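J.: Sequence plus the predicted model coming up.
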Amino acid sequence: MNIGVILNRVFRVNNNPLFEYISQQQYNIDKCYLIIPQELFEEDGTELKERYYYGTLDKFLKELYKHDIEPFLIDYSQLGDFSKDKGLSEIAVAGDIMSYHQEAYDIRHLKKAFEKYDVSVTTLRANHYFKPSLTMNKQGEPYKVFTSFYKAHRAKLRQHAAYDYKLNDIAKIAIKSQQTLDKEFAQEGLSESQATKNWNEYLDNDIQNYDTNREYLPEVLTSQLSIVLAYGLIDINQIITQLLESYEEDESNIEKFIRELMFREFYYVLMTQYPNTAHEAFNEKYRQIKWFNDNENFQRWCEEQTGFPLVDAAMAELNNTGFMHNRMRMVVSQFLTKDLFIDWTWGEDYFRKKLIDFDSASNVHGWQWSASTGTDAVPYFRMFNPIRQSERFDKDALYIKKFIPLFDDISAKLIHDPLKNKTQLEEEGIKLGTDYPKPIVNHKNAREHVMETFKSI
Ligand SMILES: Cc1cc2nc3c(=O)[nH]c(=O)nc-3n(C[C@H](O)[C@H](O)[C@H](O)COP(=O)(O)OP(=O)(O)OC[C@H]3O[C@@H](n4cnc5c(N)ncnc54)[C@H](O)[C@@H]3O)c2cc1C
């Protein structure tokens, strides 16, 4: 048989279930075509993500070339014709990638695309720990409350042996494309070896401070595994195995970390079972909310011009680095959906275009959590106050100063609530409305509106 194996977003040579599959099937395979359908980043604002994606792909290809493996680089739109042209009877692909830049690349669309070409599609789990169908509750439905999911499945995590395929064997049967990448961003992105080095160092030196460091804003002190997982650079089974191996060294912090990875699994299961929630409220009764959807306010949020320094700093972090701290994701998403009362799908889509660690399940459910429209979401009456969040989590305004240099020499006390400190800020040379925007919304009024609206539904 002739087989095609799709490697997009499983950019690793170690512990890759697709290589394991080829290795197991090698005596049934006549010709094996390794394929990387490349993602397109055509929308405005996606340039940073595009560079990161192609930089990471470039590093993966260079690693494969070292092993004499040369995958075919094609567009998604050519997959069907490619399979026909090469006489493929089977396609093997990771069925659980949630980080594709466009929905059109996901497994549901891919399966449909191959249907008319009479090619069977074999899906493998490459990027999540649990198989969704094995995580259901007694009623055969997905758990809708995280703590129940966690209680039911935490004990199922166990250590895994590494796969033992040999890349030499793969190289022998994989047809060489003799193609190279025409876009090269050698300085960008992340390689598997660097990701592994970072993760091992994190595990050795930093995880014991996870609980305290998790809320630290001025520097990224969390693992940034989200990026690693979004490109499939390290196997999740390997990550879990290492965490369990180190468990006794610091049970409390490691358990907290595992709990976060379980959140990712929880959202993944929900998304596979309720794919419609990518675009509509999980909680049906909130589908009738009449959002303000003010375009100008949305632009101000995107462009770091809300007049709330913490929110603007976080949006600057996103726009400039393609990453955002977890607390800040909560703050800016609550600000957009509650203070500005803009539909969460607008913010979700903006994050999709900007986040290098974009993951549809975590992103959608993160947004629905903040908007109080999701399952197990924050109750609507616990609305964040952006000024209080700033005073509490960025007391010395170090994070704000990092991303808004205008405030460099200003005392932290004046920064959290610029309107209240308008006169003193002017004395320091910052005029509201000229040098820095006036707040675009009154939090107290916004809060009243949110309470009334949610209560009335
Ligand atoms: C509005 C909103 C949007 C989000 N969008 C994304 C997204 O597109 N992609 C994404 O990977 N995460 C998303 N998150 C979750 C979380 O913010 C990131 O996973 C985390 O900030 C990544 O940093 P880290 O890897 O250093 O995290 P660490 O604190 O080191 O956590 C380790 C891992 O646990 C998982 N994790 C941690 N927190 C969460 C969480 N709240 N939900 C699900 N998984 C979690 C991630 O895989 C993360 O890599 C979103 C959260 C919110 C509130």
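T.: Yep, that arrived. Numbers count the residues shown, from 1 in each chain.

J.: Nearest to the ligand: which residue in the protein?
T.: Across the chain, the shortest distance to the ligand (Cβ to the nearest ligand atom) belongs to G366, at 2.5 Å. Yep, even glycine has a C-beta here, placed from its N, CA and C like the rest.

J.: Might you report the residue contacts of that residue?
T.: Contact analysis of G366 by Cβ atoms under 8 Å, 6 or more residues apart in numbering lists 267, 329-330, 333.

J.: Can you lay out the residues you listed as JSON lines showing neighbour count, distance to the ligand and pLDDT?
T.: Putting the contacts of G366 into JSON lines (neighbours: other Cβ atoms under 10 Å; distance: Cβ to the nearest ligand atom, whole Å; pLDDT from 0 to 100) gives the following:
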{"residue": "Y267", "neighbour count": "26", "distance to the ligand": "6", "pLDDT": "98"}
{"residue": "R329", "neighbour count": "22", "distance to the ligand": "4", "pLDDT": "98"}
{"residue": "M330", "neighbour count": "18", "distance to the ligand": "5", "pLDDT": "98"}
{"residue": "S333", "neighbour count": "24", "distance to the ligand": "4", "pLDDT": "98"}
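
J.: Restricted to strands, list the residues you listed.
T.: Residues from the contacts of G366 lying in strands, with DSSP state E as the criterion: none.

J.: Whichever strand or helix holds M315: which residues count as buried?
T.: In this structure, M315 is located in helix 309-321 according to DSSP states H and E. Residues 309-319 are the ones in helix 309-321 that count as buried (16 or more other Cβ atoms under 10 Å).

J.: mean confidence score for it?
T.: For helix 309-321, mean pLDDT is 98.

J.: going forward can the numbers begin at 36, since that is how I track them
T.: Okay, residue one is now 36; in that scheme the one you just asked about reads as helix 344-356.

J.: list the helices and strands it packs on?
T.: helix 330-337, helix 361-369, helix 379-389, helix 421-428, helix 433-438 (3 or more Cβ pairs under 8 Å, 6 or more residues apart in numbering; DSSP states H and E).

J.: I'd like a version of these in JSON lines, one that adds distance to P414 as further columns.
T.: Written out in JSON lines, the entries for these read as follows (distance: least, Cβ to Cβ, whole Å):
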{"stretch": "helix 330-337", "distance to P414": "23"}
{"stretch": "helix 361-369", "distance to P414": "12"}
{"stretch": "helix 379-389", "distance to P414": "16"}
{"stretch": "helix 421-428", "distance to P414": "17"}
{"stretch": "helix 433-438", "distance to P414": "27"}
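
J.: out of those helices, which comes closest to R47?
T.: Ranking the helices and strands packed on helix 344-356 by their distance to R47 (criterion: Cβ to Cβ) puts helix 379-389 first, at 23.4 Å.

J.: Which SSE is immediately downstream of that closest one?
T.: Scanning forward in sequence from helix 379-389 by DSSP H and E, the next helix or strand is helix 395-406.

J.: Around E461, count how many other residues there are.
T.: A total of 13 residues lie near E461 under the criterion other Cβ atoms under 10 Å.

J.: Mind listing what's buried along the longest strand along the chain?
T.: Under DSSP E, the strand in the chain containing the largest number of residues is strand 66-73. The neighbour-count check on strand 66-73 (16+ other Cβ under 10 Å) flags 67-73 as buried.

J.: same thing with stretch 223-235?
T.: For stretch 223-235, the neighbour count (16+ other Cβ under 10 Å) marks 223-227, 230-231, 233-234 as buried.

J.: close to the ligand, is it?
T.: No. Taking Cβ under 6 Å from any ligand atom as the criterion, stretch 223-235 and the ligand are apart, separated by no less than 10.1 Å.

J.: For the residue lying closest to M365 once chain neighbours are set aside, give me its contacts.
T.: Spatial nearest neighbour of M365, excluding adjacent residues (Cβ to Cβ, 6 or more residues apart in numbering): S405 at 6.0 Å. Under the criterion of Cβ under 8 Å, 6+ apart, the contact partners of S405 comprise 365, 368-369, 372-373, 379, 412-413.

J.: One more pass at 6 Å, please.
T.: Contacts for S405 were tallied using Cβ atoms under 6 Å, 6 or more residues apart in numbering; they are 365, 368-369, 372.

J.: By mean pLDDT, flag the weakest helix or strand of this protein.
T.: helix 142-150 (a mean of 91; mean pLDDT, DSSP states H and E).

J.: could you point out which element follows that helix?
T.: Counting by DSSP H and E, the next helix or strand C-terminal to helix 142-150 is strand 155-159.

J.: how about that next one: buried residues?
T.: 156, 159.

J.: So which elements touch it?
T.: When contacts are defined as 3 or more Cβ pairs under 6 Å, 6 or more residues apart in numbering; DSSP states H and E, strand 155-159 sits against strand 125-129.

J.: Now the strand it packs on: average pLDDT?
T.: Per-residue pLDDT over strand 125-129 has a mean of 97.

J.: chain center to that strand: distance?
T.: With Cα atoms, centre = their mean, to the nearest Å as the basis, strand 125-129 stands 23 Å off its chain's centre.

J.: Can you give me the separation between the residue of the chain closest to the ligand and F327?
T.: Per Cβ to Cβ, to the nearest Å, G401 is found 21 Å from F327.

J.: and if you look at L192?
T.: Distance from L192 to F327, counting by Cβ to Cβ: 43 Å.

J.: Looking at those two, which has the bigger crowd around it?
T.: Between L192 and F327, counting by other Cβ under 10 Å, L192 is the more crowded of the two (18 against 12).

J.: contacting residues around that one?
T.: Listed by Cβ under 6 Å, 6+ apart, the contact set of L192 reads I275.

J.: Let me see the confidence value for it.
T.: Looking at L192, its pLDDT stands at 98.

J.: same check, this time on K151
T.: The per-residue confidence score, pLDDT, reads 85 for K151.

J.: And for D429?
T.: On the pLDDT scale, D429 gets 98.

J.: Good, wrapping up.
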